[in-house]
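Enquirer: A predicted structure for the sequence below; I have some questions about it.
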Amino acid sequence: MSILLFKDLVSAGIDSANADNGNPIRIINTISLMIVAMLVFQLPVIFYFWSISGYSVLTCSAIFTLVFLSIPFLNRKKHFLTARAILMFGYILYISFSSLLWQTNNNFHYFFIVALFVSPFIYYQWESQQIIVNCFLYFCCFVGLEFNNALTQEPINSSVIDQPSLTTINCLLLFGATLLSSMLVRNNTMLSQTKSQTGINNAKNLLVKVLPKFLINHLSESTAAKPLPVSTHMSSVLFADIQGYTAFCRDTSEKDLILLLNQLYSEIDKLIQHYCLEKIKTNGDQYMAATRQFNADRDHALAACQCAFAIHAMFARFCIRNQCDLGLRIGIATGQVSSGVIGSDKLTYDVWGSTVNLASRLESSGKVGAIQVCEYTQQLTHENYCHRKRNGNQLKGIGKLTTFWCESNVNV
């Protein structure tokens, strides 16, 4: 129970997307809890030396315990600057009061060297001004207490250097060494975090090109080896196939063929993304895509038809630009599909179902420059597009079926 409470307090106010150990908020929470633990562990010492301002020291410890405990709760409420200020000034006041109440010279001021080293880590990279203020205050406190100690001590019998000068040199050297080492460690830490984040972003960008976003979120949020979700929903599946591809391959070098296919499919990819479809796969001269999960069946059927017309227009320009004697057939079917990832290695997003088979047959039985759709797609898009009925279309593996040519926009 205590471990869970500690973890909760350490993570208070931290965004789950930025919950690394170098997060300044996590460092602030951890430091405040460490100080609280130190205050609690001091209780036996306070009672043992009760005769030396025991009541005053106990009261001071109780007050500062509450002060430092408030820091994680302030971070949870998003009062980050207030939490930092309380940590900084609370630490200064605690060291100062402790040195006065114990009425003994135990070099309390050297605790400010520790605070000086930690100071750069409790601020973000863009908060350099606060780092300067923080370090300056700790330096002043360290120098002030060191000078106070120097004045209360007997002077050194030396004609070379006096006590105040020696103290000043000592403070400057300690300050410089501490701050330099702190900044070097901080910069190395930030560089490591930047490299790590760059690697994570590159991996995410690569995943975005392979899997839909909802699957990527599932993979990143899942802490156990859970099976990836396979959903069943309504969708419109689009197949596009190049007519004359085999003859084109014979007359074109392999290098030029790959370059042209890459150019063509890259342009189709842009249209697929623009009309909110998911690219499923390519198989030589065949391109397959399916609509995402829209709020209504009519929306995804309409998006598939709009995308199909845009692909035909782009393909015509592509053939003219590259002087290719090619054609393109497109088939669209709307219905229930299952989509997701099967297996645990070399993950590939795919869709399955009779709707996929129907879309493939509509494409293969279609004609160049046309878009053949099933009856359900026609019903969903008849208000936006003109359709021409095709009776008794014999589809391989399915049989005779009434299909439609989606020919033009109603508003044209």
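Expert: The structure has been received and is ready for your questions. Numbers count the residues shown, from 1 in each chain.

Enquirer: And the strands in the stretch 151-300 of the chain?
Expert: Secondary structure of the stretch 151-300 of the chain, counting by DSSP state E, counting those that start in this stretch: strands at 230-243, 277-283, 286-291.

Enquirer: Select, out of these, the one closest to Gln197.
Expert: strand 277-283 (27.5 Å; Cβ to Cβ). Using the backbone N, CA and C atoms, a C-beta is placed for each residue, glycine as well.

Enquirer: Outside of that closest one itself, list whatever touches it.
Expert: 212, 238, 265, 269, 272, 287-292, 303-304, 307, 348-351 (Cβ atoms under 8 Å, 6 or more residues apart in numbering).

Enquirer: do that again at 6 Å, thanks
Expert: Applying Cβ atoms under 6 Å, 6 or more residues apart in numbering, the external contacts of strand 277-283 come out as 212, 272, 288-292, 307, 351.

Enquirer: Check stretch 58-65 too.
Expert: 36, 39, 46, 94, 97.

Enquirer: Just the CA trace of that stretch, in PDB.
Expert: Output of stretch 58-65 as PDB, limited to C-alpha atoms (Å, rounded to 0.1, in the frame of the first residue of the first chain):
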ATOM      1  CA  LEU A  58      10.200  19.300  16.400                       C
ATOM      2  CA  THR A  59       7.800  22.100  15.600                       C
ATOM      3  CA  CYS A  60      10.000  23.200  12.700                       C
ATOM      4  CA  SER A  61      10.200  19.600  11.400                       C
ATOM      5  CA  ALA A  62       6.400  19.200  11.500                       C
ATOM      6  CA  ILE A  63       5.800  22.400   9.700                       C
ATOM      7  CA  PHE A  64       8.300  21.700   6.900                       C
ATOM      8  CA  THR A  65       7.000  18.100   6.600                       C
END
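
Enquirer: going forward can the numbers begin at 43, since that is how I track them
Expert: Renumbered: residue one is now 43, and that last one reads stretch 100-107.

Enquirer: In that stretch, which residues are buried?
Expert: 100, 102-103, 106-107 (16 or more other Cβ atoms under 10 Å).

Enquirer: how deep is Ile440 tucked in, by neighbour count?
Expert: Ile440: 14 surrounding residues under other Cβ atoms under 10 Å.

Enquirer: what about it, distance to Ile73?
Expert: Applying Cβ to Cβ, to the nearest Å, the value for Ile440 to Ile73 is 69 Å.

Enquirer: what about the residue lying closest to Met330 once chain neighbours are set aside, distance to Ser140?
Expert: Excluding the flanking residues, the one nearest Met330 by Cβ to Cβ, 6 or more residues apart in numbering is Ile322, at 4.4 Å. Plainly put, Ile322 is 68 Å away from Ser140 if you go by Cβ to Cβ.

Enquirer: between the strands of the stretch 193-342 of the chain, which one is nearest to Gln171?
Expert: The minimum distance between Gln171 and the strands of the stretch 193-342 of the chain falls on strand 319-325, with 46.9 Å, by Cβ to Cβ.

Enquirer: Pick out the most distant pair among the contacts of strand 319-325.
Expert: Maximum pairwise distance among the contacts of strand 319-325 (Cβ to Cβ): 16.7 Å, between Pro254 and Cys349.

Enquirer: what's the strand or helix carrying Ile77 packed up against?
Expert: Assigned by DSSP states H and E, Ile77 falls within helix 66-83. Packing contacts for helix 66-83, counted by 3 or more Cβ pairs under 6 Å, 6 or more residues apart in numbering; DSSP states H and E, involve helix 96-118, helix 122-143.

Enquirer: possible to save the ones you listed as a markdown table with distance to Leu47 and mean pLDDT?
Expert: Listed next are those as a markdown table, based on distance: least, Cβ to Cβ, whole Å; pLDDT from 0 to 100:
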| stretch | distance to Leu47 | mean pLDDT |
| --- | --- | --- |
| helix 96-118 | 10 | 86 |
| helix 122-143 | 18 | 83 |
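
Enquirer: I'd like to know which of these lies nearest to Gln378.
Expert: Nearest of those to Gln378, taken as Cβ to Cβ: helix 96-118 at 45.5 Å.

Enquirer: that older thread, okay, the angle between the helix holding Ile77 and helix 122-143?
Expert: If you take axes from the mean of the first three to the mean of the last three Cα atoms, to 10 degrees, helix 66-83 sits at 30 degrees to helix 122-143.

Enquirer: can you pull the buried residues of helix 66-83?
Expert: Neighbour counts over helix 66-83 (16+ other Cβ under 10 Å) mark 66-71, 73-75, 77-78, 81 as buried.

Enquirer: would you put the C-alpha positions of that helix in PDB?
Expert: Extracted C-alpha coordinates of helix 66-83, given in PDB (Å, rounded to 0.1, in the frame of the first residue of the first chain):
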ATOM      1  CA  PRO A  66      11.400  17.700 -14.000                       C
ATOM      2  CA  ILE A  67       8.000  17.200 -12.300                       C
ATOM      3  CA  ARG A  68       9.000  13.600 -11.300                       C
ATOM      4  CA  ILE A  69      12.300  15.000  -9.900                       C
ATOM      5  CA  ILE A  70      10.600  17.700  -7.900                       C
ATOM      6  CA  ASN A  71       8.100  15.200  -6.400                       C
ATOM      7  CA  THR A  72      10.900  12.700  -5.600                       C
ATOM      8  CA  ILE A  73      13.100  15.400  -3.900                       C
ATOM      9  CA  SER A  74      10.200  16.600  -1.800                       C
ATOM     10  CA  LEU A  75       9.400  13.100  -0.600                       C
ATOM     11  CA  MET A  76      13.000  12.400   0.100                       C
ATOM     12  CA  ILE A  77      13.100  15.500   2.300                       C
ATOM     13  CA  VAL A  78      10.000  14.400   4.100                       C
ATOM     14  CA  ALA A  79      11.500  11.000   4.700                       C
ATOM     15  CA  MET A  80      14.600  12.600   6.100                       C
ATOM     16  CA  LEU A  81      12.500  14.800   8.400                       C
ATOM     17  CA  VAL A  82      10.700  11.700   9.700                       C
ATOM     18  CA  PHE A  83      14.000   9.800  10.300                       C
END
